[in-house]
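1. okay, predicted coordinates and the sequence, questions at the end:
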Amino acid sequence: MTDWRNLLLDDTVRPTPELVAELSAGLRCADPVVRDEQAYVLLSRWIPDLPAAIRASLGSEMATRFTDPEIQSRTFAPLILTALVRQGDYDRSWETAFARWYPAETDLREYDAKLGWLHAVAHGADLLGALGRSPRTDPVPLLDLACARLIAPTTHLFDAMEDDRLGLAIALTLTRPELTEQQSVEWLKPIVADFEAGEPGPVPAHASNTMRTLRVLHLLAGRGVRPHPYTGEPLPLGHAGAVREAVAAALAVTSPYAG
């Protein structure tokens, strides 16, 4: 695998289609230095200056990675798609491929001693938030997708701020002005049903993850949320009061001591 360390220090290098293809292949590399510190950094840096045709091709390639047998390939694809969507690019097929993968991914390890950062939930949340802010998407299915990821059975307990990243993505989606009050809270119904079906005993990992994600959302609904790069005045959620009440009511199912 090519070592691209020299390119990280040379601002005069301009990406060629061949170099973009090399870096894209590097995102599948099991070596976290090559994948994370070189290929990903360079690609995300160059995306704004790439020709539209190359960006579109790169996005389509990333969409196919969601079915890749290598976990690091699946979890780095959404990071590149996030950069593309934030740039203004969008293809419905990208969103479709992401929606199939995100709630179905079972390898939710945040970090592996050999592979480095994997972070399926957090990286997927970044893409969810970017799609949620894009005027080219329908926000309602994205809220349903966040719900599906939360209630999917898992033994993995969020331990690297996945709950913050997913709560942020949901809050960003809820800033979309076209959402009605009902649409802003309807997606919570399956979560409430899952909480109500809970039985005495240890809290399942997915339920604990969901509770903590909703607490983040409750905070952001009250304070507003800053889109990437997280500067400037926070944006209000379109129906912040209704969202706070609905989230609080959902959490109260698991907290009978709450008022």
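-> Received, thanks.
2. run through the helices of this protein in chain order.
-> Listed in chain order, the helices of the chain (DSSP state H) span 5-8, 17-26, 32, 41-46, 52-64, 71-87, 92-101, 120-133, 139-151, 162-173, 181-186, 189-196, 205-223, 240-254.
3. angle of the last one against helix 162-173?
-> Here helix 240-254 runs at 150 degrees with respect to helix 162-173, directions being taken by axes from the mean of the first three to the mean of the last three Cα atoms, to 10 degrees.
4. among the helices of the chain, show the one with the smallest mean pLDDT.
-> Within the helices of the chain, confidence is poorest for helix 5-8, with a mean of 84 (mean pLDDT).
5. restricting to C-alpha, output it in CSV.
-> Output in CSV follows, covering the C-alpha atoms of helix 5-8 (Å, rounded to 0.1, in the frame of the first residue of the first chain):
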residue,chain,number,x,y,z
ARG,A,5,2.6,10.9,4.3
ASN,A,6,4.4,13.3,2.0
LEU,A,7,1.1,14.4,0.5
LEU,A,8,-0.2,15.4,3.9
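6. list the buried ones in that helix?
-> Neighbour counts over helix 5-8 (16 or more other Cβ atoms under 10 Å) mark residue 7 as buried. All C-beta atoms are positioned from the backbone trio N, CA, C, and that covers glycine.
7. ok, and what's touching it?
-> 13, 38, 41, 42 (Cβ atoms under 8 Å, 6 or more residues apart in numbering).
8. out of those, who's nearest residue 184?
-> Comparing the contacts of helix 5-8 against residue 184 with Cβ to Cβ places residue 41 closest, at 36.1 Å.
9. domain parsing of the protein, as residue ranges.
-> Split into domains by automatic domain parsing, the chain comes to 1-101, 139-259.
10. which of those domains sits closest to residue 127?
-> Smallest distance to residue 127 across those (Cβ to Cβ): 3.9 Å, for domain 1-101.
11. what distance separates that closest one from the centre of its chain?
-> 16 Å (Cα atoms, centre = their mean, to the nearest Å).
12. kindly report the same for stretch 203-216.
-> On Cα atoms, centre = their mean, the centre of stretch 203-216 falls 16 Å from that of its chain.
13. now do stretch 110-119
-> 17 Å.
14. tell me how far the nearest residue to residue 78 once chain neighbours are set aside lies from residue 93.
-> In space, and not counting its chain neighbours, residue 78 is closest to residue 127: 3.9 Å by Cβ to Cβ, 6 or more residues apart in numbering. Distance of residue 127 to residue 93, computed by Cβ to Cβ, to the nearest Å: 14 Å.
15. when the two are compared, which one has more neighbours?
-> residue 127 (26 against 12; other Cβ atoms under 10 Å).
16. got the contact list for that one?
-> Shown in contact with residue 127 (Cβ under 8 Å, 6+ apart): 78, 79, 81, 82, 85, 98.
17. next, format the contacts of helix 5-8 as JSON lines and append neighbour count and distance to residue 249.
-> Putting these into JSON lines (neighbours: other Cβ atoms under 10 Å; distance: Cβ to Cβ, whole Å) gives the following:
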{"residue": "13", "neighbour count": "14", "distance to residue 249": "54"}
{"residue": "38", "neighbour count": "23", "distance to residue 249": "47"}
{"residue": "41", "neighbour count": "15", "distance to residue 249": "43"}
{"residue": "42", "neighbour count": "20", "distance to residue 249": "46"}
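18. closest to residue 233 out of the residues you listed?
-> Using Cβ to Cβ, residue 41 comes nearest to residue 233 of those, at 29.2 Å.
19. check contacts around the closest one.
-> By Cβ under 8 Å, 6+ apart, the contact set of residue 41 is residue 8.
20. the one 3 residues further on too?
-> Taking Cβ under 8 Å, 6+ apart as the definition of contact, the neighbours of residue 44 are 79, 80, 83.
21. nearest to residue 148, of those?
-> Nearest to residue 148 among those, with distances taken as Cβ to Cβ, is residue 79, at 20.6 Å.
22. circling back to that earlier point, output the contacts of residue 127 as TSV; include the columns distance to residue 47.
-> Listed next are those as TSV, based on distance: Cβ to Cβ, whole Å:
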residue	distance to residue 47
78	14
79	11
81	10
82	10
85	10
98	17
